[in-house]
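Next one to model:
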Amino acid sequence: MKQTRNRRDISPRYLFLALTIICVIFLVLSIFFKDQTKKLRSYLSQFIVPLQEGADKAGQGLSNGLSYFGNVKDLRDENEKLKAELKAYENDAAKYQAELSELEELRNLYDLDKKYPDYNMTVARVFSTDSSSWFNELYIDKGLNDGIYEGCNVLCDNGLLGIVVESYDNYAKVRAIIDDRSNVTAEVGKDNALCNVEGSLKNMEEGFLYVTDINKDASVEIGDRVITSNVSDRYFFGITIGYVTEITYDPNNLTKTAKITMAVDFKDVKDVLIITDRKQVVDY
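The predicted structure is shown next:
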């Protein structure tokens, strides 16, 4: 215990100085006494060379490791860059798809406009709806300032959507013909038989509306087009409502009823055509 306490540690500075002196001595001897130190150098090389090779390998491994981690970082940076570019391309693709869809809708409205050249029309966009499943009551982004008044007929897809029931400065409310409160005076078949198209959201859930009060002797066939009648006090003549899919005779033996599929997709309405002419102002 006493020897341990009295032992003095060698300072690193002295150790370094001693090693330096030894190296200098060996250097001088190797220069001036080549022959005499040849055996010593050969002996030391047996230890130094493997150590040097090991140091070289370790250094190369360290260099390769650093290079690997550098490459990984570069790859990660490149991956993040590619992800950002891919996201930008996806956003551009979605934008172009939306623009293409909008262009297709406008082209369809243009074709619909050409079917009814006698009427003055304008395009509007739907921005809200009162219903969740069906577009039976909806709002468009044009109103009194654009010449849109109560009673204006509204078209979409391949036919009649509904009628404007409220109009304000910059927007208007439209009620669709499938709404339970709607009843459209129409014509059907070769005889242009008068009939009534009854709005019903319940029936629309099953994919049809009823056309009632058709004269039992009227010539009506599956596939016949149902159009708005000229005697209607709300709707202009000749606008397509739908097509007959089924015909049944009523119990009174005086009339018959038909089921029709609609010319408008009332689950997806974005842009509409409004006939700015009006037959007359009516109460709703």
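
switch to C-alpha atoms for all contacts and neighbour counts from now on
Fine.

Could I get the full set of helices for the chain?
Counting by DSSP state H, the chain has helices at residues 2-6, 12-32, 38-115, 201-205.

So N136 versus V174, what's the distance?
Note on N136: its distance to V174, by Cα to Cα, to the nearest Å, is 8 Å.

can you tell me how far G238 sits from S182?
18 Å.

Find the nearest non-adjacent residue to I247, please.
A258 (4.3 Å; Cα to Cα, 6 or more residues apart in numbering).

How many neighbouring residues does that neighbour have?
By other Cα atoms under 10 Å, the residues close to A258 number 24.

before we move on, what about R175?
23.

same thing with the one 5 residues further on?
Residue crowding around D180 was assessed by other Cα under 10 Å; the count is 15.

Also Q60?
Neighbour count of Q60, defined by other Cα under 10 Å: 12.

contacting residues for it?
Not one residue lies near Q60 by Cα atoms under 8 Å, 6 or more residues apart in numbering.

Any figure for the gap between it and L75?
22 Å.

R278 now?
In terms of Cα to Cα, R278 sits 67 Å off from L75.

the more surrounded of these two?
Of the pair R278 and L75, R278 is the one with more neighbours under other Cα under 10 Å, namely 18 against 12.

residues near the closest residue to the more buried one other than its chain neighbours, how many?
Closest residue to R278 apart from its sequence neighbours, by Cα to Cα, 6+ apart: C152 at 5.5 Å. By other Cα under 10 Å, 27 other residues sit near C152.

What are the contacting residues of stretch 222-230?
Residues from elsewhere that reach stretch 222-230, judged by Cα under 8 Å, 6+ apart: 184-189, 194, 235-247.

go again using 10 Å as the cut-off
Stretch 222-230 is contacted from outside by 159-160, 184-190, 192-197, 211, 234-247, 258-263, using Cα atoms under 10 Å, 6 or more residues apart in numbering.

Equivalent analysis for stretch 232-241, please.
115-116, 119, 151-155, 158-163, 177, 184-187, 197, 225-231, 260-264, 275, 277-282.

Low-confidence stretches in the stretch 51-200 of the chain?
Counting by pLDDT under 70, the stretch 51-200 of the chain shows low-confidence ranges at 51-59, 61-72, 89-90, 92-110.

any shared contact partners between N136 and V174?
With contacts taken as Cα under 10 Å, 6+ apart, the residues that reach both N136 and V174 are 129, 161-162.

hey, what's R175 bridged with?
In this structure, R175 bridges to E137, I163 when assessed by DSSP bridges.

Do I have it right that it meets L155?
No. Taking Cα atoms under 10 Å as the definition, R175 is not a contact partner of L155, at 11.6 Å.

Pull up the overlap in contacts between those two.
161-163.

Counting neighbours, which of these comes out on top?
For these, neighbours were counted using other Cα under 10 Å, and L161 has the most, 29 neighbours in all.

Look up which residues are beta-bridged to the residue lying closest to it once chain neighbours are set aside.
The shortest distance from L161 to any non-neighbouring residue, by Cα to Cα, 6+ apart, is to L155 (4.9 Å). Assessed by DSSP bridges, L155 has beta-bridge partners L160, L273.

What's the local residue count around L155?
27.

Then I25?
Applying other Cα under 10 Å, I find that I25 has 12 neighbouring residues.

can you check Y243 too?
Y243 sits with 21 neighbouring residues when counted by other Cα under 10 Å.

ok, G189 - contacts?
214, 218-227, 244.

Report the separation between the nearest residue to it once chain neighbours are set aside and K190.
Using Cα to Cα, 6+ apart and skipping the chain neighbours, the partner closest in space to G189 is V220 (4.6 Å). Distance from V220 to K190, counting by Cα to Cα: 7 Å.

Kindly report the same for R76.
Using Cα to Cα, which is the criterion applied here, R76 is 72 Å from K190.

And the pLDDT for the closest residue to I227 other than its chain neighbours?
Leaving out its chain neighbours, the residue that sits closest to I227 by Cα to Cα, 6+ apart is T240, at 4.4 Å. We have a pLDDT of 95 for T240.

Could you do the one 10 residues further on as well?
In this prediction, D250 carries a pLDDT score of 95.
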